[in-house]
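Participant: Sequence isn't available, so here's the structure alone:
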């Protein structure tokens, strides 16, 4: 049930036929875990809070630094030195006090991933390293949770939705993250953000698109990005969509499943 204050706050959503009262109620009832309160997680958190997602959790063990502020818009100059989860909690409460914010001031790892992910309806991964991306995707499959995952480069980005624990309309299993990227690149071949740089506004674009995809998943309107990789080229301002399918040899939901737990991670 939406309160009078919420009805006014979300009025521009409620008048949308594709959302309406039921969609807004679904947003209020939803719980979303965001991995990382950085370049992608910052706009994700702001827009999901503004949209009225009932419970927002964030996993991040980092503190705010001056170099973060070029793109991590949930953090302000006075927040330098504070834990990112504390800075994010303050902004979310100021933006929308109806949202329950849950801080997980820890690094996601093999020992806590299943417990953290298992308590949420939907997971959004905005992490900045390959080990975490594979860990999150494997854990979401094992926990039976949908995942929206994105990656950000210097002038490019990508976004997809993973529902590998479910079947499509044809009765076939959906593809996994490992169907798209079977193995992470060798260490050192992809430079980190601090070394290569990143366009700050691009993080805002991609993070906002992650939030939009989450809203679509929760309210059920439009065609989701399951089996589709949306790619952004900021140099040419070009968007392309690549379709990908389940790989029968993938180790999660392939014909011979070999990953049944997170024991392969540190």
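Facilitator: All right, it came through fine. Model, not experiment: these values are computed from the prediction.
Participant: What is the burial count for residue 134?
Facilitator: By the measure other C-beta atoms under 10 Å, the count of residues near residue 134 is 19. For the C-beta atoms, the positions are set from N, CA and C on the backbone; glycine is no exception.
Participant: Repeat that for residue 41.
Facilitator: 28.
Participant: how near is it to residue 35?
Facilitator: 7 Å (C-beta to C-beta, to the nearest Å).
Participant: Between the two, which contacts overlap?
Facilitator: Counting by C-beta atoms under 8 Å, 6 or more residues apart in numbering, the common neighbours of residue 41 and residue 35 are 58, 60, 124, 126.
Participant: Tell me which residue lies nearest the centroid of this structure.
Facilitator: For the chain, the residue nearest the mean C-alpha position is residue 124 (1.9 Å; C-alpha atoms, centre = their mean).
Participant: Is that residue bridged to anything, and to what?
Facilitator: residue 34, residue 148 (DSSP bridges).
Participant: So it is in contact with residue 35, correct?
Facilitator: Yes. Counting by C-beta atoms under 8 Å, residue 124 touches residue 35, with 6.9 Å between them.
Participant: Which neighbours do these two have in common?
Facilitator: residue 41.
Participant: Tell me who's in contact with residue 118.
Facilitator: Here residue 118 is in contact with 143, 145 (C-beta under 8 Å, 6+ apart).
Participant: Show residues contacting the helix ranked longest in the chain.
Facilitator: Identified as the longest helix of the chain according to DSSP state H is helix 200-219. Under the criterion C-beta under 8 Å, 6+ apart, residues 18-19, 23, 26-27, 30, 32, 39-44, 47-48, 51, 53, 70-73, 121-122, 124, 126, 146, 148, 150, 152, 155-157, 159, 161, 222, 224-225, 230, 232, 234 lie in contact with helix 200-219.
Participant: Now find how far off-centre it is within its chain.
Facilitator: 8 Å (C-alpha atoms, centre = their mean, to the nearest Å).
Participant: How about stretch 175-183?
Facilitator: On the basis of C-alpha atoms, centre = their mean, stretch 175-183 sits 17 Å off its chain's mean C-alpha point.
Participant: do stretch 24-42 as well
Facilitator: Distance, centroid of stretch 24-42 to centroid of chain: 7 Å (C-alpha atoms, centre = their mean).
Participant: Kindly report the same for stretch 132-140.
Facilitator: That offset, for stretch 132-140, works out to 12 Å (C-alpha atoms, centre = their mean).
Participant: contacts for it?
Facilitator: With C-beta under 8 Å, 6+ apart, stretch 132-140 has contacts from 35, 108-110, 113-114, 117, 123, 125, 127, 146-147, 149, 151, 162, 164-165, 176-178, 184, 252, 259, 262, 265.
Participant: Now do the same for that stretch: mean pLDDT, whole number.
Facilitator: Stretch 132-140 shows a mean pLDDT of 96.
Participant: Could you tell me which of the contacts of stretch 132-140 count as buried?
Facilitator: Among these, those buried by neighbour count (16 or more other C-beta atoms under 10 Å) are 35, 108, 113-114, 117, 123, 125, 127, 146-147, 149, 151, 162, 164-165, 176-178, 252, 259, 262, 265.
Participant: Alright, I will stop here.
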